[in-house]
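*Asks:* Below are the sequence and a predicted model for it; my questions follow.
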Amino acid sequence: MDGTGELLQLQLAGLKSIFDIRCLSIPTDDLTGWDGLLEQVAQLIGREQQQSPSRPIYLCGESFGGCLALKLAAHFPYLCDRLILVNPASSVRRQPWMGWGASVTQWLPNPLYHLSTLGLLPLLIAPKRVSFLSQQALLTAMQSVSPPSAAFRLSLLNQFVLEDLPLERIKQPVLVLASGADRLLPSAAEAKKLVRFLPNSQIVLLPESGHACLLEKEIRLSSILKSHNFCNHSSQISLTRPGLAK
């Protein structure tokens, strides 16, 4: 949920050999709701389509970004050719403690808020699988968001209702990455629920990964896409939302 786009760095080397990458970032104090985010991102993708109409567009969203990607694909199915969801946070409203966290976060002074991010770190990652530098990058990204913005984005996740989306409109192939050792959300169970709504989807289970799996040394998104025959075009555009993943 940091909105910086910086946390994709570990994956860039492999992805650049396949995709022309676009990372969406959001200002740290931005309080745009779902409707506004949908409109703005749809416009950005539309510009990419106009500039390169023959190239397929892969839409990738992680955690918060996974919810936004689901909304985009459901309401604007023509905007992407394939959809990649990495531990989408679509189960947040069914986790009561997340709603409590949103109400408390907005009132935290900055020093206490920064301290709280340290407490969240073990829930977001499998520490042994994430380098010290990547852990520091995650903390920096989290702490860059103001407490009101973090609370607002958590409130958006609490408003997200999977069953209210017209998911039957998503006909394109969907790849769902689910971390089996996610301590923040029940991502593996949520992935099984998602694929029941998405007829052309498949799950990739990452049994030892934590929620922020794309920060792990062993995980290479490009290799996963190749091994599941999910990137079979010679020229592609990838629009990612890594900054909203945490």
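*Replies:* Good, I have the coordinates. Numbering: from 1, shown residues only.

*Asks:* Residue 67 touches residue 61, doesn't it?
*Replies:* Yes. If you go by CB atoms under 8 Å, residue 67 and residue 61 touch, sitting 7.2 Å apart. Every residue, glycine included, has its C-beta placed from N, CA and C.

*Asks:* overlap in contacts of these two?
*Replies:* By CB atoms under 8 Å, 6 or more residues apart in numbering, residue 67 and residue 61 have these common neighbours: residue 88.

*Asks:* Tell me which of those two has more neighbours.
*Replies:* Remark: of residue 67 and residue 61, residue 61 carries more neighbours, 29 against 26, as counted by other CB atoms under 10 Å.

*Asks:* What's opposite the more buried one in the beta bridge?
*Replies:* Counting by DSSP bridges, residue 61 is bridged to residue 85, residue 241.

*Asks:* how much space between it and residue 141?
*Replies:* 16 Å (CB to CB, to the nearest Å).

*Asks:* swap in residue 218?
*Replies:* For residue 218 relative to residue 141 (CB to CB), the value is 21 Å.

*Asks:* Double-check that residue 93 belongs to a strand.
*Replies:* No. Under DSSP: H, G, I helix; E, B strand; the rest coil, residue 93 falls outside any strand and is assigned helix.

*Asks:* What count of nearby residues applies to it?
*Replies:* Neighbours around residue 93, by other CB under 10 Å: 15.

*Asks:* mind listing what it touches?
*Replies:* Residues in contact with residue 93 (CB under 8 Å, 6+ apart) are 99, 157-161.

*Asks:* what two of those are the furthest from one another?
*Replies:* Pairwise distances across these (CB to CB) peak at 13.5 Å, for the pair 99 and 161.

*Asks:* So between the two, which is more surrounded?
*Replies:* Set residue 99 next to residue 161 and count neighbours by other CB under 10 Å: residue 99 wins out with 16 against 10.

*Asks:* Show me where the protein has its helices.
*Replies:* Assigned by DSSP state H, the chain shows helices spanning 9-16, 34-51, 64-75, 96-105, 110-124, 132-143, 147-159, 187-197, 221-227.

*Asks:* With distance to residue 206 added, can I get the ones you listed in JSON lines?
*Replies:* Formatted as JSON lines, these follow (distance: least, CB to CB, whole Å):
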{"stretch": "helix 9-16", "distance to residue 206": "14"}
{"stretch": "helix 34-51", "distance to residue 206": "26"}
{"stretch": "helix 64-75", "distance to residue 206": "14"}
{"stretch": "helix 96-105", "distance to residue 206": "22"}
{"stretch": "helix 110-124", "distance to residue 206": "14"}
{"stretch": "helix 132-143", "distance to residue 206": "16"}
{"stretch": "helix 147-159", "distance to residue 206": "21"}
{"stretch": "helix 187-197", "distance to residue 206": "9"}
{"stretch": "helix 221-227", "distance to residue 206": "9"}
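
*Asks:* separation between residue 156 and residue 67?
*Replies:* Plainly put, residue 156 is 8 Å away from residue 67 if you go by CB to CB.

*Asks:* Setting the sequence-adjacent residues aside, check what's closest to residue 45.
*Replies:* residue 79 (4.8 Å; CB to CB, 6 or more residues apart in numbering).

*Asks:* low-scoring stretches of the protein, by residue?
*Replies:* Across the chain, the ranges flagged by pLDDT under 70 are 1, 97-111, 113, 233-246.

*Asks:* Can you pull up the most central residue in it?
*Replies:* Nearest residue to the geometric centre of the chain (CA atoms, centre = their mean): residue 62, 1.5 Å.

*Asks:* That one contacts residue 215, doesn't it?
*Replies:* No. With contact defined as CB under 8 Å, residue 62 does not count as touching residue 215 (10.2 Å).

*Asks:* Any idea how far stretch 18-25 is from the middle of the chain?
*Replies:* 13 Å (CA atoms, centre = their mean, to the nearest Å).
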